[in-house]
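Peer 1: Sequence below, structure please.
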Amino acid sequence: MEVRQISEKVYEITCGTVHYKTLNEKIKELADNGAEKVILREVYGQRYIGTGIKQKIKIEIYGTAGNDLGIFLYGPEIEVFGNAQDGVGNTMREGKIIVRGHAGDVCGYGMRGGKVYIEGDVGYRVGIHMKGYKNLVPTFIVGGKAGNFFGEYMAGGRLILLGLDRKSGEDIVGDYCATGMHGGVMYVRGEVPQRFLGKEVKVFETTEEDEKILREELKGFSEAFNIPVEEIMSEPFTKIVPVSARPYGRMYAHRWGIASGVIK
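Peer 2: Okay, here's the model as predicted:
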């Protein structure tokens, strides 16, 4: 690992094969000492980048970010010039993550606040257990397509799926979309066939208020990837919301009753 000071508050780290723990300790040390920007080069899947940092620091990543990028993020801005692996934005509370490529599975898990913008596709179970915290409203925007279980058990926040580069006839989302969803809202650009959706949700056309929310949320995505908001909004969106606050409550209670002997 090589560390260079570019200017008074900007540092560059050539990561190579350095262990993720060593790398993250160095980034935190620089942040504690007043660095405003850290540039990471030759990133080869190091995990947990951005964890434990509360300062308003910018972290630029050149390479492939490893699992749990920005886990528990509490303020920094992270930008990846490449792809990211699983768990981007896991349980993050504040800050912003921009990925100029694709991202893996389970991104946005339990997300409580902040913004995540993915330029390309994402894998399975993105946005699961996304919930918000007090007055925080997390937003996760995917520019490409999503795999199965998108928004599974979603409890709050906003999931926005754009499918900007999908081919004609290509599905924008996989099976079991919004399964168990009991809070928040999902906006999908284009139509979502009913066969992909969980039984706990309903599909609606967007209202004027929804359009206002979408335009406001898409500003950050538009600025990050230089795609005009009007171009994104040129195709109608589908709004998906839950119709039950406890979609599996009766099933769990029934099983508990049988196991405990209350139900014979």
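Peer 1: check contacts around Glu223.
Peer 2: Neighbouring residues of Glu223 by CB atoms under 8 Å, 6 or more residues apart in numbering: there are none. C-beta coordinates here come from the backbone N, C-alpha and C atoms, glycine included.
Peer 1: ok, now Gly70?
Peer 2: Counted by CB under 8 Å, 6+ apart, Gly70 has contacts Ile49, Gly50, Thr51, Pro76, Ile78, Val88, Gly89, Asn90, Met92, Gly95, Ile97, Val116.
Peer 1: can you rerun that using 7 Å?
Peer 2: Gly50, Ile78, Val88, Gly89, Met92, Gly95, Ile97 (CB atoms under 7 Å, 6 or more residues apart in numbering).
Peer 1: Double-check the second one against Ile97; I have them as touching.
Peer 2: Yes. Shown here, Ile78 and Ile97 form a contact pair, counting by CB atoms under 7 Å, at 4.8 Å.
Peer 1: Now do the shared contacts for the two.
Peer 2: The contact lists of Ile78 and Ile97 share Leu69, Gly70, where a contact means CB under 7 Å, 6+ apart.
Peer 1: tell me the mean pLDDT over the longest helix anywhere in the chain?
Peer 2: If you go by DSSP state H, the chain has its longest helix at helix 208-225. Taken as a whole, helix 208-225 has an average pLDDT of 97.
Peer 1: Kindly list the single helix or strand of the protein that scores lowest on mean pLDDT.
Peer 2: The helix or strand of the chain with the poorest confidence is helix 249-260; it has a mean of 54 (mean pLDDT, DSSP states H and E).
Peer 1: quick one: low-confidence parts of the protein?
Peer 2: Applying pLDDT under 70 to the chain flags the ranges 244-264.
Peer 1: Strands of that one, residue ranges please.
Peer 2: Remark: strands assigned in the chain by DSSP state E are 2-7, 10-16, 37-44, 58-64, 74-81, 94-99, 115-118, 139-142, 155-161, 183-189, 201-205, 237-242.
Peer 1: TSV for the ones you listed, including distance to Leu23?
Peer 2: Shown next, in TSV, are those (distance: least, CB to CB, whole Å):
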stretch	distance to Leu23
strand 2-7	10
strand 10-16	6
strand 37-44	8
strand 58-64	11
strand 74-81	14
strand 94-99	17
strand 115-118	21
strand 139-142	25
strand 155-161	30
strand 183-189	34
strand 201-205	41
strand 237-242	39
